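Visitor: Build me a structure from this.
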Amino acid sequence: MSSPHHFRPGLELDVDALEVYLTGAIPGLSRIDRVTQFSGGQSNPTYRVDAQLAGRTHSFALRRKPPGVLVPSAHAIEREFRVMNSLQTTGFPVAKTWVLCEDVSVIGTAFYVMDCLDGRIFWDPSLPELDVSERKPVFFAMAETLADLHRVDINSVGLADYGKAEGYVARQVARWSKLYLADIDVAGRVPAMEQLIEWLPVNAPAVEPAPTLVHGDFRIDNMVFAKDEARVLGVLDWELSTIGNPEADFAYNFMMYRVPSAAIPGLMNIDLAKHGLPSECEYIDSYCRRRGISDIPGLDYYVAFCMFRLAGIFHGIRGRLARGTAVSPKAKEYAGNVELMADLAWRQVERSR
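Guide: Sure, this is the predicted structure:
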């Protein structure tokens, strides 16, 4: 008899051990019927767990650290659980959290369990699966959700110590500059990266906005939308969340407007009006109105910074490819776009001038 459970090779779970743990940790949970691994969740493997809860089938999502030796600061599922748990009472759209298990003896790594959201995930920001008339409302819901995140009172939800409040962008620029320089022997030099390493630290906006909770990876495919309306049911993948610069966080999301679909989905070469998508100004205004600010004067700088960081990530992947340690199936594609992303970042610098 074939198993009802489905996993990718090397990422299997001990379902019996998980069932014993969850029946003790979640009141009313009597058994697990099926566990199926989601195709996403490359950094932290994610699974759908169908179980019996109070006599009814209930779908949970389990997110775990990957097996093996890990970089100490990476795969921070404890932080993900903490921030999502802290947001439960705010009205911000996140899945209901159930339990965090740091006992690695249960399934081999730490994990947490939340509700599995029944909705739509859009993988391409051009929204080809939607009617033209349905696209703007989805974008405005996305912008307003990010603005709502940046309005959360970090003190009232117990997250004041969730990150260093000042100097977020400066720390990130220094970090990615150091990683780039450490990898040039194997991944090669990129002229635009070296221009950015010189330019970014000395041209940051003179006044930084007050720090807020930031998501760090706020993309359309990290949200679950309702099946029948442009409403966000939940924001996913909080691994990179911290206390930081909300305008840099918005710039990362907004960056889709200024990149082509190469390695990451983008809108740069799309006729926005023809496709029923908001213009740059409409999208920025939607975010600003919801957040209660007039504009983002340093936006071009922050977009350049976000592209620089992405180019740095791609450069690091190129280094891992050269060393034979890259694991992502898209590693070659990412590595091939270092120069493109660095050049696009420098184009934002020229815009900002």
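
Visitor: Leu213 belongs to a helix?
Guide: No: using DSSP: H, G, I helix; E, B strand; the rest coil, the assignment for Leu213 is strand, not a helix.

Visitor: list the contacts for it?
Guide: Val83, Leu149, His150, Val152, Ile154, Leu159, Tyr162, Ser241, Thr242, Ile243 (Cβ atoms under 8 Å, 6 or more residues apart in numbering). The way it works is simple: take the backbone N, C-alpha and C, and place the C-beta from them, glycine included.

Visitor: State the number of residues packed around the third one.
Guide: Read it as His150. Residues near His150, counting by other Cβ atoms under 10 Å, number 23.

Visitor: can you check the fifth one too?
Guide: By the measure other Cβ under 10 Å, the count of residues near Ile154 is 17.

Visitor: could you say which helix or strand contains it?
Guide: Of the helices and strands defined by DSSP states H and E, none includes Ile154.

Visitor: Touching, it and Val214? I think so.
Guide: No: if you go by Cβ atoms under 8 Å, Ile154 and Val214 don't touch, sitting 10.4 Å apart.

Visitor: if I look at these two, which residues touch both of them?
Guide: Ile243.

Visitor: From the contacts of Leu213, list just the buried residues.
Guide: Buried by 16 or more other Cβ atoms under 10 Å: Val83, Leu149, His150, Val152, Ile154, Leu159, Tyr162, Ser241, Thr242, Ile243, out of the contacts of Leu213.

Visitor: quick one: which of the residues you listed sit in strands?
Guide: Thr242, Ile243 (DSSP state E).

Visitor: Closest to Asp50 out of the buried ones among the contacts of Leu213?
Guide: For those, the closest approach to Asp50 (Cβ to Cβ) belongs to Val83, at 25.9 Å.

Visitor: Quick one: the helices in the stretch 151-300 of the chain, in order.
Guide: 168-187, 191-202, 246-254, 280-291, 299-323 (DSSP state H, counting those that start in this stretch).

Visitor: Point out the other helices and strands that the first one packs with.
Guide: In this structure, helix 168-187 makes packing contacts with helix 191-202, strand 242-244, helix 246-254, helix 299-323, judged by 3 or more Cβ pairs under 8 Å, 6 or more residues apart in numbering; DSSP states H and E.

Visitor: how many other residues sit next to Ile313?
Guide: Applying other Cβ under 10 Å, we find 15 residues neighbouring Ile313.

Visitor: check contacts around the closest residue to Ser294 other than its chain neighbours.
Guide: Computed as Cβ to Cβ, 6 or more residues apart in numbering, the closest residue to Ser294 that is not its neighbour in sequence is Cys288, at 6.5 Å. By Cβ under 8 Å, 6+ apart, the contact set of Cys288 is Ala147, Ser294, Asp295, Ile296.

Visitor: same check, this time on Gly188
Guide: Arg318.

Visitor: Would you mind measuring from it to Ala322?
Guide: Between Gly188 and Ala322 the distance is 9 Å, computed by Cβ to Cβ, to the nearest Å.

Visitor: So which bits of stretch 305-317 are buried?
Guide: Phe305, Cys306, Met307, Phe308, Arg309, Leu310, Ala311, Gly312, Phe314, His315, Gly316, Ile317.

Visitor: Quick check: the residue nearest to Ser294 vs Glu350, distance?
Guide: Taking Cβ to Cβ, one finds Cys288 at 24 Å from Glu350.

Visitor: same question, Arg289
Guide: Distance of Arg289 to Glu350, computed by Cβ to Cβ: 29 Å.

Visitor: When these two are compared, which one has more neighbours?
Guide: Using other Cβ under 10 Å as the criterion, Arg289 and Glu350 rank with Arg289 on top: 14 against 9.

Visitor: That one and Asp295, how far apart?
Guide: Arg289 sits 11 Å away from Asp295, going by Cβ to Cβ.

Visitor: shared neighbours, these two?
Guide: Common neighbours of Arg289 and Asp295 (Cβ under 8 Å, 6+ apart) do not exist.

Visitor: low-confidence ranges in this protein?
Guide: 1-2, 40-43, 68-75, 327 (pLDDT under 70).

Visitor: domains in it, as residue ranges please.
Guide: Residue ranges for the domains of the chain, per automatic domain parsing: 15-115, 132-352.

Visitor: Could you say which one of these comes nearest to Asp124?
Guide: Short answer: domain 132-352, nearest of these by Cβ to Cβ, at 5.0 Å.

Visitor: okay, the contacts of Cys288 in CSV with neighbour count next?
Guide: Shown next, in CSV, are those (neighbours: other Cβ atoms under 10 Å):
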residue, neighbour count
Ala147, 19
Ser294, 8
Asp295, 9
Ile296, 22
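
Visitor: Tell me the one of the residues you listed nearest Arg34?
Guide: Ala147 (37.9 Å).

Visitor: angle of the host helix or strand of the closest one against helix 280-291?
Guide: Under the criterion of DSSP H and E, Ala147 resides in helix 132-150. For helix 132-150 against helix 280-291, the angle by axes from the mean of the first three to the mean of the last three Cα atoms, to 10 degrees is 40 degrees.

Visitor: Would you confirm that Leu149 contacts Phe92?
Guide: Yes: using Cβ under 8 Å, Leu149 is in contact with Phe92, at 6.3 Å.

Visitor: how many other residues sit next to the residue lying closest to Pro205 once chain neighbours are set aside?
Guide: On the basis of Cβ to Cβ, 6+ apart, the spatially nearest residue to Pro205 that is not a chain neighbour turns out to be Gly298, at 3.6 Å. For Gly298, the neighbour count with other Cβ under 10 Å is 23.
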